[in-house]
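S.K.: what's the 3D shape of this:
(2 chains)
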Amino acid sequence: MPNLKDLKNRIESVKSTRKITKAMQMVAAAKLRRAQDAAEASRPYTERFNAVLGGLAASVGGSASAPRLLAGTGSDQTHLLIVMTAERGLCGGFNSSIAKLARSKAQELQAAGKTVKILTVGKKGRDAIKRDLGDLFVGHVDLSGVKRLGYDDAAGIATDVLARFDAGEFDVATIFFSAFQSVISQKPTAQQIIPASFEADAAESTLYDYEPSEEAILADLLPRGVATQIFAALLENGASEQGARMSAMDNATRNAGEMIDKLTIEFNRSRQAVITNELIEIISGAEAL
Amino acid sequence: MAGSMQFDLVSPERSLASFQATEVQIPGADGDMTAMPDHAPTLTTLRPGVLVVKADGGDQEYVVTGGFAEISPAGISVLAERAMPKSEVTAADIAAMVEAAEAVAAGKSASELDDANKAVADVRALGAALGL
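M.R.: Have a look, this model is predicted:
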């Protein structure tokens, strides 16, 4: 039976843990609001961009002169997986579920005889897949110093990816991130960005004049499209991370509360037992006289 | 005088402007163009420059870099990679843009050098136009 002092220490320690998790939950809630606002604000750009690009791609896509970013290199031998995760932990299964999806995809590709290369964004995902797939890493993007995610961060990643594509390092690029559905539900998602894929119904019926030419515009827009998709995924990931952290910390706070209740009951029982013992000793001492 | 049309200016990070305009001057990649209501549908890419929007409530000027404009009879959407009101642009912003464009040009091979040099010249011209 643990003594009273130990129990008391234990209760104090769990109480301070609860305070920390509660604070983290509230911080995550505030950050989630901001992340959602940022994702909301970027939506008009992304939607219009994809609509225009989709229309262009549909009209040029079939021709033999279509850019490589759209038509692909003609092979799918080498895959680049861009795994985007958080810089920090303590957010439930957020990082591990993205890493799990990326790992299974990598293994599936390897089993099919393809070459796999991995570019990681965010420290946690890198750590998670390092053991199994560490030798496939070709690069890492560190965003830990970034306070507010900007388009420049996404453009930086896109420039890196496009330079590798131009150098012929890979044929197909896929990004892995977590799509934000709600605070309690985030869905790990894989999305192919090179060669670009568009929904068939995105085709526009309007006939545009193009200045300079259709091909020149497409060639200009496709690299931007990569950056836009990466930016959208980063924002989505940011909101998911905060949502996951919020619910994880909410659970932790509740568990700590339950633990405190249980320990308090045990503490009271032990104290009662000690008092009863002392009484018995006094009474039996008095009787013996 | 023709009526007005919907004008939208959006950047990846946020929507900057959305209102009714009567005339929009766009710094297109092939040269400046002015769009008025009922313009034929046109898609044009942008070079770094000043976007002038004329509206009943007064003119608005924005500095934009890269991106494209989608013109339809009913309205104009400008999707700019970076955009800010002209009054907020400082000499330091222009200097940073020149530096970035020069850094890109430095890494290019001969075949792409013309485009990169044009980008540098565009940014310089923009700075000169603003008097910064």
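S.K.: in the sheet, who's paired with the residue sitting nearest the centre point of chain B?
M.R.: What sits nearest the mean C-alpha location of chain B, by C-alpha atoms, centre = their mean, is residue B:64, with 3.7 Å. Bridge pairing for residue B:64 (DSSP bridges) gives the partners residue B:49, residue B:83.
S.K.: just the one 4 residues further on next, same as before
M.R.: Here residue B:68 shows beta-bridge partners residue B:45, residue B:79, assigned using DSSP bridges.
S.K.: Can you give me the pLDDT of it?
M.R.: Per-residue pLDDT puts residue B:68 at 87.
S.K.: Kindly report the same for residue A:99.
M.R.: For residue A:99, the pLDDT comes out at 92.
S.K.: ok, the residue nearest to it when sequence neighbours are not counted - contacts?
M.R.: Among residues not flanking residue A:99 along the chain, residue A:128 sits closest, at 3.7 Å (C-beta to C-beta, 6 or more residues apart in numbering or on different chains). Bear in mind the C-beta positions are built from the backbone N, C-alpha and C, glycine included. Going by C-beta atoms under 8 Å, 6 or more residues apart in numbering or on different chains, residue A:128 touches A:85, A:95-96, A:99.
S.K.: In these, find the pair that's most separated.
M.R.: A:85 and A:96 (9.0 Å; C-beta to C-beta).
S.K.: Low-confidence ranges, the chain, go.
M.R.: Using chain A. A:1-2, A:61-65, A:198-206 (pLDDT under 70).
S.K.: wrong chain, I was asking about chain B
M.R.: Applying pLDDT under 70 to chain B picks out residues B:1-2, B:108-112, B:132.
S.K.: Excluding chain neighbours, give the residue nearest to residue A:267 in space.
M.R.: Per C-beta to C-beta, 6+ apart, closest to residue A:267 is residue A:7, 4.5 Å.
S.K.: residues touching that neighbour, list them.
M.R.: A:263, A:266-267, A:270.
S.K.: Of those, which is the nearest to chain B?
M.R.: For the contacts of residue A:7, the residue nearest chain B by C-beta to the nearest C-beta is residue A:263; the value is 48.5 Å.
S.K.: Okay, strands next: where are they in the stretch 101-250 of chain A?
M.R.: A:115-121, A:137-141, A:172-182, A:185-194, A:209-211 (DSSP state E, counting those that start in this stretch).
S.K.: Indicate which one of those is closest to chain B.
M.R.: Taking C-beta to the nearest C-beta, strand A:209-211 is the member of the strands of the stretch 101-250 of chain A nearest to chain B, at 4.1 Å.
S.K.: What is the closest one packed up against?
M.R.: helix A:214-288, strand B:42-45 (3 or more C-beta pairs under 8 Å, 6 or more residues apart in numbering or on different chains; DSSP states H and E).
S.K.: could you redo the last one with a cut-off of 10 Å?
M.R.: helix A:214-288, strand B:42-45, strand B:58-72 (3 or more C-beta pairs under 10 Å, 6 or more residues apart in numbering or on different chains; DSSP states H and E).
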